[in-house]
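A.B. asks: test case, fold it:
(one chain, ligands or ions: 2)
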Amino acid sequence: MNNYFLRCISCKKEYEPRPGLYFCEKCGPIMGTLEVIYDYEKIKENPVVVQKSFNKKASMYQFDFLLPTKAKGKFDPYVGGTPLYKFNLLGLKDLMLKYDGSNPSSSYKDRASSIAINLALDEKNDTVFCASTGNAASSLAMLNAHTPMETYIFVPSTIPGGKRAQLEISGAKVFSVEGTYDEVYDLSLELGLKKGWYCRHAAINPYLLEGKKTGAFEIVVQNDFKVPDYVLVGVGDGTVVSSLYKGFKEFKEIGLIESIPKIIGVQAEGIAAIKHVFDKGEPYTPHPIKGSTVADSISVGTPRDVIKACKYVAESGGYYISVSDEAILNAISELGKETGLFAEPAAAAPYAGLKELIAEEKISREDSVCVVITGNGLKDIKAVEGVISSKSYSKEELLKMFNDW
Ligand SMILES: Cc1ncc(COP(=O)(O)O)c(C=O)c1O
Ligand SMILES: [Zn+2]
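C.D. replies: Ligands and ions are numbered 1, 2, ... in the order given. Predicted coordinates for the structure are as follows:
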């Protein structure tokens, strides 16, 4: 017996969960993404919730009373529980950096892949598939490598070297496609769903957001149940940003916190599709755009979770901003130099956004702010080629230099 049901984000029709049901049959895959709704009154009585007996370092499965499946994979005890660092930076009194680059495959996406793998096992599937800008695929491929299930991956041929290496090393069946992420996504859905494989596409499979929302739970627990005023995160398809809102909302619903942070979605200026829809206002109408950015993970022109991403951010009192590629690359360097944390471009975008909001006095010294760093910089070394010195010295040169110093 499930402890949840599904509800369409647009028409509110409710569904009993069943294998193969990914979106509202009436509203379709973009307007009709589904929400997973639990019995919050019952969860309030769970002893873990009543006693607030959470652990600041435990994996995301410590929250399994609000998840659609239980831990069973080898990696599950190590997914989530990522550090929440505090730094005195940018003149802010209370700045937190949630660093998800330390997950097993080095990105936030492990939170969703772990759920997908467990649900696929629950439903006795033999194959899982995914189209991805890179991280979701490398995460699924690596976390699924040890299970009996096959992994089929569809990615644009342009994905960064680190992510490609993870795919190949994990032994997944990889189809590198000449086309944009948006084209690869459509193609993979057509092929994968026809085959009846389990679909790890966070934007249409409603359960994957459930894994991602644990990032919000951890921010609360690790910050001693104090809720930040703002949470900033990079946005492509729109699932991560939506998941953060849902996480805070559910913790409020079960009485663990009293307010929800303003969620600020940060997009790349070159391809800010969700910002465009959000700024036009309600009713939110999907509007595909073309463009590009150095932040490959958020290079999405046809975002699939656009409706939730707009509704949830609006409900939080937040908004969307966009930042230039130059600002993103500067943010990677600055984060590295000031904190030692290495972020891939999409993961540094919210830090770039925060700097701009402070400069515009939209965020002040007194505000508490959490920036979610969603991916490790080692995945995309090429992006920072411009700031890496390639100079090398002969031994004689170096000895002379030190003598003259
Ligand atoms: C590192 C990183 N940050 C942010 C995102 C954005 O997530 P979403 O596509 O759910 O908006 C992604 C998605 O691939 C990602 O890999
Ligand atoms: Zn519907």
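A.B. asks: just give the number of residues close to S138.
C.D. replies: The tally of other residues near S138 (other CB atoms under 10 Å) stands at 34. (Glycine included, C-beta is placed from N, CA and C.)
A.B. asks: in space, what's closest to it - neighbours in sequence excluded?
C.D. replies: Q166 (3.7 Å; CB to CB, 6 or more residues apart in numbering).
A.B. asks: in terms of contact, does the one you found touch S105 like I think?
C.D. replies: Yes: counting by CB atoms under 8 Å, Q166 touches S105, with 6.3 Å between them.
A.B. asks: rewinding a little: sec struct for the residue nearest to S138, please.
C.D. replies: What DSSP: H, G, I helix; E, B strand; the rest coil gives for Q166 is helix.
A.B. asks: V384 contacts G377, correct?
C.D. replies: Yes: at 7.0 Å, V384 counts as touching G377 under the criterion of CB under 8 Å.
A.B. asks: who's more crowded, those two?
C.D. replies: A count of neighbours by other CB under 10 Å puts G377 above the other of V384 and G377, at 22 against 19.
A.B. asks: intersection of neighbour lists for V384 and G377?
C.D. replies: Counting by CB atoms under 8 Å, 6 or more residues apart in numbering, the residues touching both V384 and G377 are I332.
A.B. asks: number of nearby residues for A165?
C.D. replies: Neighbours of A165 using other CB under 10 Å come to 12.
A.B. asks: P148 too?
C.D. replies: 7.
A.B. asks: distance check, it against ligand 2.
C.D. replies: 35 Å (CB to the ion, to the nearest Å).
A.B. asks: was I right about that residue contacting D126?
C.D. replies: Yes: if you go by CB under 8 Å, P148 and D126 touch, sitting 7.4 Å apart.
A.B. asks: pLDDT averaged over stretch 255-265 - what is it?
C.D. replies: Averaging pLDDT along stretch 255-265 gives 98.
A.B. asks: quick revisit: and the residue nearest to S138, how far from N103?
C.D. replies: 12 Å (CB to CB, to the nearest Å).
A.B. asks: ok, the two, which is more surrounded?
C.D. replies: When neighbours are counted by other CB under 10 Å, N103 comes out ahead of the other of Q166 and N103, with 28 against 22.
A.B. asks: quick one: contacts for the closest residue to the more buried one other than its chain neighbours?
C.D. replies: Counting by CB to CB, 6+ apart, N103 lies nearest to D110, which is 4.0 Å off, once chain neighbours are set aside. With contact taken as CB under 8 Å, 6+ apart, D110 is in contact with 75, 79-80, 100, 103-104, 139, 143.
A.B. asks: can you pick the most crowded of those?
C.D. replies: Most surrounded of the contacts of D110: other CB under 10 Å gives S139, at 33 neighbours.
A.B. asks: where does that one fall, secondary structure wise?
C.D. replies: For S139, the host element (DSSP states H and E) is helix 135-144.
A.B. asks: average pLDDT for that helix?
C.D. replies: 97.
A.B. asks: stretch 66-73 too?
C.D. replies: Rounded mean pLDDT across stretch 66-73 is 95.
A.B. asks: get me the contact residues on the protein for ligand 2.
C.D. replies: Taking CB under 5 Å from the ion as the contact definition, the chain meets ligand 2 at 8, 10-11, 13, 24, 26-27, 32.
A.B. asks: CSV for these, including secondary structure?
C.D. replies: Listed next are the residues of the chain next to ligand 2 as CSV, based on three-state DSSP:
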residue, secondary structure
C8, strand
S10, coil
C11, coil
K13, coil
C24, coil
K26, coil
C27, coil
G32, coil
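A.B. asks: from K226, how far off is E258?
C.D. replies: 10 Å.
A.B. asks: out of the two, which sits in the more crowded spot?
C.D. replies: Higher neighbour count among E258 and K226: K226, with 12 against 9, using other CB under 10 Å.
A.B. asks: the more buried one looks like it's in a strand, true?
C.D. replies: No: with three-state DSSP as the criterion, K226 is located in coil rather than a strand.
A.B. asks: which residue packs closest to it, ignoring adjacent ones?
C.D. replies: S368 (7.3 Å).
A.B. asks: mind checking pLDDT for the most centrally placed residue in the chain?
C.D. replies: In the chain, the centroid-proximal residue (CA atoms, centre = their mean) is V240; its distance is 3.9 Å. On pLDDT, V240 comes in at 98.
A.B. asks: so it is in which element?
C.D. replies: Secondary structure (DSSP H and E) places V240 in helix 239-253.
A.B. asks: that helix close to ligand 1?
C.D. replies: Yes: on the criterion CB under 6 Å from any ligand atom, helix 239-253 is in touch with ligand 1 at 239-241.
A.B. asks: which elements pack onto that helix?
C.D. replies: Packed against helix 239-253 by the contact rule (3 or more CB pairs under 8 Å, 6 or more residues apart in numbering; DSSP states H and E) you find helix 206-212, helix 214-222, strand 230-234, strand 262-268, helix 306-316.
A.B. asks: next SSE after the longest one?
C.D. replies: Tracing the chain C-terminally past helix 306-316 and defining elements by DSSP H and E, one meets strand 319-323 next.
A.B. asks: just the CA trace of that following strand, in PDB.
C.D. replies: Only the C-alpha atoms of strand 319-323 are listed here, as PDB (Å, rounded to 0.1, in the frame of the first residue of the first chain):
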ATOM      1  CA  TYR A 319      11.800  35.000  -8.600                       C
ATOM      2  CA  TYR A 320      14.200  34.200 -11.500                       C
ATOM      3  CA  ILE A 321      17.300  36.000 -12.600                       C
ATOM      4  CA  SER A 322      19.800  35.400 -15.200                       C
ATOM      5  CA  VAL A 323      23.600  35.800 -15.300                       C
END
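A.B. asks: can I get the next helix or strand after it in CSV, CA atoms only?
C.D. replies: The C-terminal neighbour of strand 319-323 among helices and strands, as given by DSSP H and E, is helix 325-339. Extracted in CSV, the C-alpha atoms of helix 325-339 (Å, rounded to 0.1, in the frame of the first residue of the first chain):
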residue,chain,number,x,y,z
ASP,A,325,28.7,33.3,-18.9
GLU,A,326,31.5,35.7,-17.8
ALA,A,327,29.9,36.1,-14.4
ILE,A,328,29.6,32.4,-14.1
LEU,A,329,33.2,31.8,-14.9
ASN,A,330,34.3,34.5,-12.5
ALA,A,331,32.1,32.9,-9.8
ILE,A,332,33.9,29.6,-10.3
SER,A,333,37.3,31.3,-9.7
GLU,A,334,36.0,33.3,-6.8
LEU,A,335,34.5,30.3,-5.0
GLY,A,336,37.7,28.4,-5.5
LYS,A,337,39.9,31.2,-4.2
GLU,A,338,37.7,32.2,-1.3
THR,A,339,36.4,28.8,-0.1
